[in-house]
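In: Sequence and predicted structure below; questions after.
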Amino acid sequence: MATKKAATKKAVKKSPAKKSPVKKAVKKKSAPKVSNLERLTAAGVIAQESIADHDQAVIDKLSASEVNTLIKLRKKMGDAPLSTKASVRPNFPV
């Protein structure tokens, strides 16, 4: 039997990959942080006058998604009467 010689491959030297220049990230100017209470008041979910200090602390601990959910619920259910005693509690489950 005849043995075949392995074909010798010449190693081809590759040039290093060209790197694109690094672009600096442009920082967006962020709007001033709005509290959860301000967002809920602006959306008509609650009246700010009827909020006690301890309630305000709890509202400020809500996550952004929780506040967004409350705002969406208010939009779906319509406006709430903000000038009566009914404004003490929202008219949807919390």
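Out: The structure has been received and is ready for your questions. Computed from a predicted structure; not experimentally measured.

In: Give me the neighbour count for Leu70.
Out: The criterion is other Cβ atoms under 10 Å. On that basis, Leu70 has 21 neighbouring residues. (Glycine included, C-beta is placed from N, CA and C.)

In: how near is it to Lys33?
Out: In this structure, Leu70 and Lys33 are separated by 18 Å, where distance is defined by Cβ to Cβ, to the nearest Å.

In: can you pull out the helices in this structure?
Out: When assigned using DSSP state H, the helices of the chain occupy the ranges 36-42, 53-60, 64-77.

In: Give me the spatial nearest neighbour of Ala43, chain neighbours excluded.
Out: Distances taken as Cβ to Cβ, 6 or more residues apart in numbering put Ile71 closest to Ala43, at 4.4 Å, once the chain neighbours are dropped.

In: if I look at Leu37, how far off is Ser63?
Out: When distance is defined by Cβ to Cβ, Leu37 is 14 Å away from Ser63.

In: neighbour count winner among these two?
Out: Neighbours were tallied for Leu37 and for Ser63 using other Cβ under 10 Å; the higher tally belongs to Leu37 (19 against 9).

In: Before we move on, what's the pLDDT of the more buried one?
Out: Listed pLDDT for Leu37 reads 91.

In: Do I have it right that it meets Leu62?
Out: No - between Leu37 and Leu62 there is no contact, the gap being 9.5 Å when judged by Cβ atoms under 8 Å.

In: quick one on the thing from earlier: quick one: closest of the helices of the chain to Ser15.
Out: Ser15 lies closest to helix 64-77 among these, at 48.5 Å (Cβ to Cβ).

In: what packs against the closest one?
Out: For helix 64-77, the elements it packs on are helix 36-42, judged by 3 or more Cβ pairs under 8 Å, 6 or more residues apart in numbering; DSSP states H and E.
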